[in-house]
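>>> turn this into a model:
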Amino acid sequence: MEKATATPRLRVSGNPNTAPADRTDEFEGFADAERTLRVVKPGPSEPVARIVREPGVEEHSAGGVIDLVDGSDAEVIDLADGRLGSGVGTRWVGPELDPADIEAYVRSRLDSLDVEIRSSAGPIYHFFKRVLDLVIAIPALVLTAPVMAVLAILIRRESPGPAVFRQQRIGRGGRVFTFYKFRTMYVDAKERFPELYDYNFDSAELASRYYKHADDPRNTPLGAFLRRSTLDELPNLVNVLKGDISIVGFRPELPQLVRHYEPYELAKFNVKAGLACKSECTGRNTNTIKDQITLDLEYVADQSMRLDLWVIAQTLKMVVKGIGAE
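Reported below is the predicted structural model:
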């Protein structure tokens, strides 16, 4: 597979309005070595940043700097609160990705890392992990087939649309696959609530965003119950049987969120995605997206059969008790 072309990196540190007058911060590696940029704070009373581009000097207002940054193909942007305000903050901005390009992008980013989190589990572990997947998934599919048939009928009767929801998700190595769940939302939810499908946000917001929302207006009444009870995930067993995911791993990611991952965080894709994950054991939907990524990375580093069995047991306990369910 052809490796994805590296996107130019751009870094802006500090704030031209509040940084010391002699402070110089550089745009690192912007496009190529001949286009190195520097932001220079000219003085405390002048809200103007000088963009030093070799050769020549350009002057921009703080807003002009933001426009320059937003118009670039930057991966990394360090800004004060993301808006050139007071203080210094960091924002990760990845390139917009077509699902067909994600696998190459993930592999390219992982190949470029100096230090990468990897699982130390060997082939014996992976053999028995697959055996465990089949031992659980096949009987579970047989036993729950009547329940799934009834749920499919109820879903179709409650609101127009298919009973099973199909969605593209990202698994091991950045591979895109079709993920199956029972439909819990109105089929026109995207048109009715477009703001809930807007993924063009500051990557720092991963620390305050959640995969699921309490009282999500997109859910049908039956769908809300299915989510609380986790019955909507029964079709995930088909993905386990197909080998797309395992019983334990990381929850398959949405393609739209991959661009917000920092390179080291992409290491979670070194293992197979799962029906259950470590996040399920520590709060389920009460964890932010960033929390879940951190827990996924911990799983990669500590992956073992003992940990998998612990995750299964803890997840069952959380589901039965309804802890963290939305």
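
>>> what's the burial count for Glu265?
19 (other C-beta atoms under 10 Å). Just so you know, the C-beta spots here come from the backbone N, C-alpha and C atoms, and that holds for glycine as well.

>>> if I look at it, how far off is Pro146?
41 Å (C-beta to C-beta, to the nearest Å).

>>> same question for Thr282.
33 Å.

>>> look at the two and report which has more neighbours.
Each of Thr282 and Pro146 has its neighbours counted (other C-beta under 10 Å); Thr282 has more, 17 against 9.

>>> doesn't Thr294 make contact with that one?
No: at 10.3 Å, Thr282 and Thr294 do not qualify as touching, with contact defined as C-beta atoms under 8 Å.

>>> for this structure, which segments count as strands?
24-27, 37-40, 48-53, 57-61, 76-77, 91-92, 164-170, 176-182, 246-249, 274-277 (DSSP state E).

>>> what does the last one contact?
Put plainly, it is strand 274-277. 233, 236-237, 239-240, 245-251, 292, 295-296, 299, 311-312, 315 (C-beta atoms under 8 Å, 6 or more residues apart in numbering).

>>> give the buried residues for the longest helix anywhere in the chain.
Ranked by number of residues, the top helix in the chain under DSSP state H is helix 123-158. By 16 or more other C-beta atoms under 10 Å, the buried positions in helix 123-158 come out as Lys129, Leu132, Asp133, Ile136, Ala137, Ala140, Leu141, Met148, Leu151, Ala152, Ile155.

>>> between those residues, which is closest to Arg109?
Of all those, Arg109 sits closest to Lys129, with 25.4 Å by C-beta to C-beta.

>>> list the residues that contact the closest one.
For Lys129, the contact set (C-beta under 8 Å, 6+ apart) comprises Ala121, Ser246, Val248, Met305, Asp308.

>>> same thing but 10 Å
Ala121, Ser246, Ile247, Val248, Gly249, Val271, Lys272, Gly274, Gln303, Ser304, Met305, Asp308 (C-beta atoms under 10 Å, 6 or more residues apart in numbering).

>>> gap between it and Leu234?
Lys129 is 21 Å from Leu234, by C-beta to C-beta.

>>> got any ranges where the stretch 101-250 of the chain has weak pLDDT?
112-116, 202-203 (pLDDT under 70).
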